[in-house]
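Student: build the 3D model from these lines:
(2 chains)
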Number of protein chains: 2
Amino acid sequence: MNNSHLLLSIAILGGTGKEGKGLAFRWAQAGYHVRIGSRSADKAITAASEIEKMLGEGITIEGLSNLEAARGADIVVVTVPYVAHRDTLESVKNELHGKILIDVTVPLVPPKVATVQMPAAGSAAQEAKEIVGDDVQICSAFQNISHEHLLDDEDIECDVLVTGTSKEARSETIKLVEAAGLRGWDAGPLENSVVIEGMTSVLIGINKKYGSTHAGIKITGAKHSTD
Amino acid sequence: MNNSHLLLSIAILGGTGKEGKGLAFRWAQAGYHVRIGSRSADKAITAASEIEKMLGEGITIEGLSNLEAARGADIVVVTVPYVAHRDTLESVKNELHGKILIDVTVPLVPPKVATVQMPAAGSAAQEAKEIVGDDVQICSAFQNISHEHLLDDEDIECDVLVTGTSKEARSETIKLVEAAGLRGWDAGPLENSVVIEGMTSVLIGINKKYGSTHAGIKITGAKHSTD
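Tutor: Alright, predicted model coming up:
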C-alpha cells in the first residue's frame, strides 16, 4: 500500500446509504480517491454525482458496482445494513487479498435495536473475518457516529473506537478517522469490536430514554495525539 | 424496599477490595447503612473500621461475613474478582430473594486483560442471573470507574452505564450511582452489560497504549437529569 494518503483509493461498499455518503464526502474532501460501490452501479453513479456537487471544483468520486469498487481500491469499507453484510462480503472477498477491510456494520436485530444481539461469531467484525479469511486485515470502526452529521461538515461530539486484526491496520484506520475530522482511538484486537458494535444499541436506548437524537461517547482521562 | 435512602442498607460483598471500600466510603457519606462483607468477617471488620476513620463522626460501617452482610441488606453489591464471582453468588443466593443485586464484576481473563473475553452466559452479569435465578432483580454498574479515586472524594471523569433486568431496578441503581457522586445512565437490559464489562478491557488497552492510568468514558449529545 502506498503511504501517501493522497494516492490511496478507498472503496465504500454500500456507499449510497447515509454513512457511506458521509464518509465519501469527508474522505474526498481530505484528498483520498473515493470509489462508491453499490449492488447497482447506476445507483452508485447517482450517489457519487450527488456528493461531487457538495465538494469543491475538481474533486471527483467514482460510482461502480461493489465488485469493481473493491477491485481497484487499497482500502475497502463496508457500510451496508447487517442484513446485507454476509452477501456483500461474499461477493467481493476475492478482491480483498492483502488489503484492509474496514467494517462499519452494526448487527442490529429489529425490533429490539436497543438490545445487544451479537451473531454467533461474537460480532459483525468477527463474522466478516470468518467470511473473508485470514489474509485480509480487518478493522471495525465508526459504529457509534451519528451519520447525518458527516455530510454537513459539523463537528461530531463522538469518538471513534477502532479495533482490528493488527496494530498496523488499526493505525491506518485511525488515519482515516482523523481525515474524516474525528478522534480515533486504538481499542485493541478485533475481539473487542463487540463493545463498540454493542454500544450503538446502548446509545439508541439512551436517545429513546433521554429524548436525544445524537448520543455518543468520548474517551476521558487519556491524552490523544490530536489534543 | 423502603424508599427513603437514609434507611436503606447496602451490603458490599468483597468489600475489602479497592472498589468495595471506595463505594462503601461514598455511600456511607451519603447516608446509607453500609455493611461490608468478606469471606472472612475479621477482614471485613478491619476494612469497616479503616473506612470509618475516613468518615465524619458518628458514621458507622459494619463488617460481617458475606452471608451475614447480604442477609440484613436491602441491596447487595458484588465487587469480587471474577475468579470468586460464582462462589460468592452461590454462597449468598438464598439471601437475595426480592432484593436488588448490583454486579460490579468484570470478567477479565489474565494475561490478556485488554482483550474482551466473556463467559458463555454472555457477560458476568448474565452469569449472575443464571446463578441467583429469576426472583432477584440484577443490575450491572461501575465497571469502568477507576476505583482509586472513589476513596479520596475526587471528581471522577467517567460516567456509569447501568444495565439491569428491569427499569425500576436500573432506576434504583442510578440513585446509588448519583449518591456516590457519579453520573449514571440507563443503558438498557442486562444483555447490554457485555458492552460495559467489555469496555473495561478497551480502557485497560487505551491506558497501556496512550500512557494514561484512568481512561474512562462519557456519554455525549444527550441531556442528563443532573446537568
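
Student: distance from whichever helix in chain A runs longest to the middle of the chain?
Tutor: In terms of residue count, the longest helix belonging to chain A (DSSP state H) is helix A:193-210. Put simply, helix A:193-210 sits 17 Å off its chain's centre (Cα atoms, centre = their mean, to the nearest Å).

Student: what's the angle between that helix and helix B:193-210?
Tutor: Helix A:193-210 and helix B:193-210 are oriented at 120 degrees to each other (axes from the mean of the first three to the mean of the last three Cα atoms, to 10 degrees).

Student: quick check, helix A:193-210 touching chain B?
Tutor: Yes. Using Cβ under 8 Å from any Cβ of the partner chain, helix A:193-210 reaches chain B at A:194-196, A:198-199, A:201-203, A:205-207, A:209-210. Yep, even glycine has a C-beta here, placed from its N, CA and C like the rest.

Student: using a markdown table, lay out those together with neighbour count and pLDDT.
Tutor: As requested, the residues of helix A:193-210 next to chain B are exported to a markdown table (neighbours: other Cβ atoms under 10 Å in any protein chain shown; pLDDT from 0 to 100):
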| residue | neighbour count | pLDDT |
| --- | --- | --- |
| A:Val194 | 27 | 98 |
| A:Val195 | 28 | 98 |
| A:Ile196 | 27 | 98 |
| A:Gly198 | 26 | 98 |
| A:Met199 | 28 | 98 |
| A:Ser201 | 27 | 98 |
| A:Val202 | 27 | 98 |
| A:Leu203 | 28 | 98 |
| A:Gly205 | 23 | 98 |
| A:Ile206 | 25 | 98 |
| A:Asn207 | 17 | 97 |
| A:Lys209 | 17 | 97 |
| A:Tyr210 | 16 | 97 |
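
Student: returning to that earlier point: against which helices or strands is the longest helix of chain A packed?
Tutor: Packing partners of helix A:193-210 (3 or more Cβ pairs under 8 Å, 6 or more residues apart in numbering or on different chains; DSSP states H and E): helix A:124-132, strand A:137-140, strand A:160-164, strand A:216-220, strand B:184-189, helix B:193-210.

Student: for the ones you listed, which one sits closest to B:Leu13?
Tutor: Comparing the helices and strands packed on helix A:193-210 by their distance to B:Leu13 (Cβ to Cβ), the top pick is helix B:193-210, with 17.6 Å.

Student: so where do the strands sit in chain A?
Tutor: Per DSSP state E, chain A carries strands over the ranges A:9-13, A:33-38, A:61-65, A:75-78, A:100-103, A:137-140, A:160-164, A:184-189, A:216-220.

Student: got those as a markdown table, with mean neighbour count and distance to chain B columns?
Tutor: Below are these laid out as a markdown table (neighbours: other Cβ atoms under 10 Å in any protein chain shown; distance: least, Cβ to the nearest Cβ, whole Å):
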| stretch | mean neighbour count | distance to chain B |
| --- | --- | --- |
| strand A:9-13 | 27 | 25 |
| strand A:33-38 | 29 | 27 |
| strand A:61-65 | 23 | 29 |
| strand A:75-78 | 28 | 21 |
| strand A:100-103 | 28 | 16 |
| strand A:137-140 | 28 | 12 |
| strand A:160-164 | 28 | 7 |
| strand A:184-189 | 24 | 4 |
| strand A:216-220 | 21 | 4 |
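
Student: format the ones you listed as JSON lines; extra columns: mean pLDDT and distance to B:Pro107.
Tutor: What follows is the strands of chain A, written out as JSON lines (pLDDT from 0 to 100; distance: least, Cβ to Cβ, whole Å):
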{"stretch": "strand A:9-13", "mean pLDDT": "97", "distance to B:Pro107": "35"}
{"stretch": "strand A:33-38", "mean pLDDT": "97", "distance to B:Pro107": "39"}
{"stretch": "strand A:61-65", "mean pLDDT": "97", "distance to B:Pro107": "44"}
{"stretch": "strand A:75-78", "mean pLDDT": "98", "distance to B:Pro107": "30"}
{"stretch": "strand A:100-103", "mean pLDDT": "98", "distance to B:Pro107": "25"}
{"stretch": "strand A:137-140", "mean pLDDT": "98", "distance to B:Pro107": "21"}
{"stretch": "strand A:160-164", "mean pLDDT": "98", "distance to B:Pro107": "18"}
{"stretch": "strand A:184-189", "mean pLDDT": "98", "distance to B:Pro107": "16"}
{"stretch": "strand A:216-220", "mean pLDDT": "97", "distance to B:Pro107": "21"}
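
Student: for these, which one sits closest to B:Gly22?
Tutor: Among the strands of chain A, strand A:216-220 sits nearest to B:Gly22 (Cβ to Cβ), with 18.0 Å.

Student: where does the prediction get shaky in chain A?
Tutor: Scanning chain A for pLDDT under 70 picks out A:1-6.

Student: so how far is B:Gln117 from A:Thr163?
Tutor: 14 Å (Cβ to Cβ, to the nearest Å).

Student: surely A:Lys99 meets A:Gly72?
Tutor: No. If you go by Cβ atoms under 8 Å, A:Lys99 and A:Gly72 don't touch, sitting 10.8 Å apart.

Student: and the helices and strands packed on helix A:193-210 as JSON lines, adding distance to B:Glu19?
Tutor: Below are those laid out as JSON lines (distance: least, Cβ to Cβ, whole Å):
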{"stretch": "helix A:124-132", "distance to B:Glu19": "30"}
{"stretch": "strand A:137-140", "distance to B:Glu19": "30"}
{"stretch": "strand A:160-164", "distance to B:Glu19": "24"}
{"stretch": "strand A:216-220", "distance to B:Glu19": "19"}
{"stretch": "strand B:184-189", "distance to B:Glu19": "16"}
{"stretch": "helix B:193-210", "distance to B:Glu19": "12"}
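
Student: which one of the residues of helix A:193-210 next to chain B sits closest to B:Glu57?
Tutor: Set against B:Glu57, the nearest of the residues of helix A:193-210 next to chain B by Cβ to Cβ is A:Tyr210 (39.4 Å).

Student: correct me if wrong: that closest one contacts B:Thr226.
Tutor: No. Using Cβ under 8 Å, A:Tyr210 makes no contact with B:Thr226, being 11.7 Å away.

Student: quick check: phi and psi at the spatially most central residue of chain A.
Tutor: In chain A, the centroid-proximal residue (Cα atoms, centre = their mean) is A:Val104; its distance is 3.8 Å. When read as degrees, to the nearest 10, the backbone of A:Val104 gives phi -100, psi 0.
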